[in-house]
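> next one to model:
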Amino acid sequence: MTKVRVRFAPSPTGPLHMGGVRTALFNYLFARKHVGDFILRIEDTDKTRYVEGAEEYIINSLKWCGIDFDEGPGVGGDFGPYRQSDRKEIYKEYALQLINSGNAYYAFDSPEELEKIRKEFEEQKTTFSYDASVRNNLKNSLTLSKDETEKLIEYNTPYTVRFKIPENENVTINDIIRGEVVFNTSTLDDKVIFKSDGLPTYHLANIVDDHLMKITHVIRGEEWLPSLPLHVLLYRALNWESTMPEFAHLPLILKPGGKGKLSKRDGDKEGFPVFPLEWKSPEGEISGGFRESGYYPEAFINILAFLGWNPGTEQEIFTREELINNFSLENVGRAGARFDPEKAKWYNQQYLKKKPDAELADTFSGILKQKNISAEKEYINKVIGLIKERACFINEFWDQSYFLFQAPVDYDSNSLKKFWKDDTAKIIREIIVFLKEASPFNSSILENVVKKYTEKSGIGFGKVMNPLRILIVGSNFGPHLFDIMELLGKEEVLKRIDNGVSAIMKDRG
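I've put the predicted structure just below:
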């Protein structure tokens, strides 16, 4: 059996979108599932779109996600180089092979000439396409003599090499995800596959590299589906059809509303990241990343895995090993997968809750230091245990726990309006007597003390609890009140109650 070899082949034209990371992830999971090789190849032949720092960003993003590659830049391998710009001497041979076999031709039409023809077609309300219907009337080696063609090349006349698409032929391919797909060549144009500057276009370089690197499966985004018939025809024209890889085209990642492909603009507008790491463009524009937003890489991977793939069970949280063992392309859907920012937060929350309190406390201690708050490690651990179920990210811990580090200096007016009645101060002063006597001062004892008081006094439990919470926290917010009181301790609780009653009654005149 042939060893599985898959590749992720991004272009360094900007930051790696989460859709690109998902493509890398699915290739990685497929390779690991089948004990194969996962290759990173940088497709950088389009120098006009190259962005400084993009390649480094791609590699750092994969490292943060834990998507390690077996071959690629910085790692090496038996099939390198792994940057197409370092392989440019390879491609001309195959372009010439296609020309000599009659499957490609030289085209000498200048950009200005082609633009003029396009405008003429537009005037006739039709669209120009460099295809079988027009190629025999244009300036190329199909219409020029061999001598004319050679002279133009000898005089360094700019040219392109175009692939000669067969006329009116059905190209049938089996896609692992989509089943049988059929394309008629009448819908295809003669794509440029090589330029006179010595560089191939994506289509030729992609096919040549996949063949030479012995790629067995091409797993890529749905946006490449229209290119599939050209790629299959290139394999045939180069006599590589017997070793052509299998194809699988992943569904689009859709906007939260479900309509249209998810873009950076959607994240900017709705306030969620679409890139794995923060990206700073050469122009200084900054785009947020999942890492900087507080997501764990394990959570991010889990989020991406479920954008198109379904394990066929109710399980939603998967370890990396479980993802590898359960992953299959057959369980990847055809329909677009909607990205849900709230579900993404939920995933991160599940991973946060599993983290040891001590580990979270180390990070939270840094946040507290920035706020000039000093606390014992043991106390911070206890705070984490009390509030981490209520947070999705560590950076939310302060908002969930500030009252455990500083006493309230004012009290929420809406809560007071709702819960502070004319007899509240009297009730609170009575309950203070019982709280002073509570021993030990722990959650269960305190709850029993308050229950006994309410039963004996014949007043509702909430009539005590809500005002107590306001006095201790500052508003009607937070985890179980008796847990808060135990953590703060008797002295601090009684002090807050006494100060709070005095401040509220003073404000009320």
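
> what ranges does the stretch 301-450 of the chain have for its helices?
Using DSSP state H, counting those that start in this stretch, the helices assigned to the stretch 301-450 of the chain run over residues 320-326, 341-354, 357-370, 377-387, 397-401, 413-419, 424-437, 443-457.

> now swap in the stretch 51-200 of the chain and tell me
With DSSP H, counting those that start in this stretch applied, the stretch 51-200 of the chain shows helices at 54-65, 88-100, 111-123, 146-154, listed in chain order.

> what packs against the last one?
Helices and strands touching helix 146-154, by 3 or more Cβ pairs under 8 Å, 6 or more residues apart in numbering; DSSP states H and E, are strand 104-107. For every residue, glycine as well, the C-beta is placed using N, CA and C.

> what does the strand it packs on contact?
For strand 104-107, contacts defined as Cβ atoms under 8 Å, 6 or more residues apart in numbering pick out 95, 98-99, 130, 135, 138-142, 149, 152-153, 159-164, 190, 192-194, 237.

> run a quick neighbour tally on the residue nearest to Ile324 when sequence neighbours are not counted.
Leaving out its chain neighbours, the residue that sits closest to Ile324 by Cβ to Cβ, 6 or more residues apart in numbering is Arg32, at 4.5 Å. Using other Cβ atoms under 10 Å, Arg32 has 21 other residues around it.

> avg pLDDT for whatever helix or strand Arg32 lives in?
In this assignment (DSSP states H and E), Arg32 forms part of helix 18-33. The pLDDT scores in helix 18-33 average 98.

> tell me how far it is from the chain's mean position?
What separates the centre of helix 18-33 from the centre of its chain is 12 Å, taken as Cα atoms, centre = their mean, to the nearest Å.

> report all helices and strands that it contacts.
Under the contact criterion of 3+ Cβ pairs under 8 Å, 6+ apart, helix 18-33 touches strand 5-8, strand 37-40, helix 54-65, strand 217-221, strand 246-250, strand 253-254, helix 297-305, helix 320-326.

> and that helix with helix 297-305, angle?
100 degrees (axes from the mean of the first three to the mean of the last three Cα atoms, to 10 degrees).

> what packs against the helix or strand hosting Arg496?
Assigned by DSSP H and E, Arg496 belongs to helix 490-507. In terms of contacts (3+ Cβ pairs under 8 Å, 6+ apart), helix 490-507 is packed against helix 424-437, helix 462-473.

> hang on, the earlier thing: deepest in the core, which of the helices of the stretch 51-200 of the chain is it.
A comparison of the helices of the stretch 51-200 of the chain by mean neighbour count, using mean count of other Cβ atoms under 10 Å, puts helix 54-65 on top with a mean of 20.

> okay, angle between it and helix 297-305 too, please.
Going by the same axes, to 10 degrees, helix 54-65 makes 100 degrees with helix 297-305.

> pLDDT on helix 54-65, on average?
On average, helix 54-65 scores 98.

> endpoints of stretch 386-404, how far apart?
With Cα to Cα, to the nearest Å as the measure, the ends of stretch 386-404 fall 10 Å from one another.

> which other residues reach it?
293-295, 345-346, 348-349, 352-353, 355, 357, 360, 363-364, 367-368, 371, 383-384, 472-474, 478-479, 483-484, 487-488.

> what's the separation between Leu419 and Asn466?
One correction, residue 419 is Phe, not Leu. Per Cβ to Cβ, to the nearest Å, Phe419 is found 4 Å from Asn466.

> any residues in contact with both of the two?
Asn476.

> now the contacts of stretch 386-404: which count as buried?
Among the contacts of stretch 386-404, the ones that count as buried by 16 or more other Cβ atoms under 10 Å are 293-295, 345, 348-349, 352, 357, 360, 364, 368, 383-384, 472-474, 478-479, 483-484, 487-488.

> doesn't Asn168 make contact with Ala131?
I think there's a mix-up here, since residue 131 is Asp and not Ala. No - counting by Cβ atoms under 8 Å, Asp131 does not reach Asn168; the two are 11.0 Å apart.

> quick check on the two: which one has the bigger neighbour count.
Using other Cβ under 10 Å as the criterion, Asp131 and Asn168 rank with Asp131 on top: 18 against 9.

> excluding chain neighbours, what is closest to the more buried one?
Using Cβ to Cβ, 6+ apart, the closest residue to Asp131 is Asp189 (4.5 Å).

> count of residues packed around that neighbour?
Neighbours of Asp189 under the rule other Cβ under 10 Å: 18.

> wait, which of the helices and strands packed on helix 18-33 is closest to Lys426?
Closest approach to Lys426 among those is made by helix 297-305 (49.7 Å; Cβ to Cβ).

> who's in contact with the closest one?
18, 21-22, 25, 29, 64-67, 276, 290-291, 316-320, 323, 327, 343-344, 347-348, 350-351.

> any of those residues buried? List them.
Judged by 16+ other Cβ under 10 Å, buried ones among the contacts of helix 297-305: 18, 21-22, 25, 29, 64-65, 67, 276, 290-291, 318, 320, 323, 327, 344, 347-348, 351.

> and stretch 53-71, how far out from the chain's middle?
For stretch 53-71, the distance to the chain centre is 13 Å (Cα atoms, centre = their mean).

> brain fart, stretch 463-482
Counting by Cα atoms, centre = their mean, stretch 463-482 comes out at 39 Å from the chain centroid.

> circling back to that earlier point, and Trp309, which of the helices of the stretch 51-200 of the chain is closest to it?
Between these, helix 54-65 lies closest to Trp309; by Cβ to Cβ that is 15.8 Å.

> which strands and helices sit next to that closest one?
The contact analysis (3+ Cβ pairs under 8 Å, 6+ apart) places helix 54-65 against helix 18-33, strand 37-40, helix 297-305.

> can you lay out these as TSV showing distance to Arg7?
Shown next, in TSV, are the helices and strands packed on helix 54-65 (distance: least, Cβ to Cβ, whole Å):
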stretch	distance to Arg7
helix 18-33	7
strand 37-40	4
helix 297-305	18
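
> wait, which of those is closest to Glu112?
For Glu112, the closest of these is helix 18-33, at 35.4 Å, according to Cβ to Cβ.

> for this protein, which residues score under the pLDDT cut-off?
Counting by pLDDT under 70, the ranges of the chain that qualify are 509.

> quickly list the domain ranges of it.
1-75+251-354, 86-250, 357-404, 407-509 (automatic domain parsing).

> near Glu430, how many residues? Count them for me, please.
Using other Cβ under 10 Å, the number of residues around Glu430 comes to 12.

> can you pull out the strands in the stretch 101-250 of the chain?
Assignment of strands within the stretch 101-250 of the chain using DSSP state E, counting those that start in this stretch yields the ranges 104-107, 160-163, 170-175, 179-184, 192-195, 217-221, 246-250.
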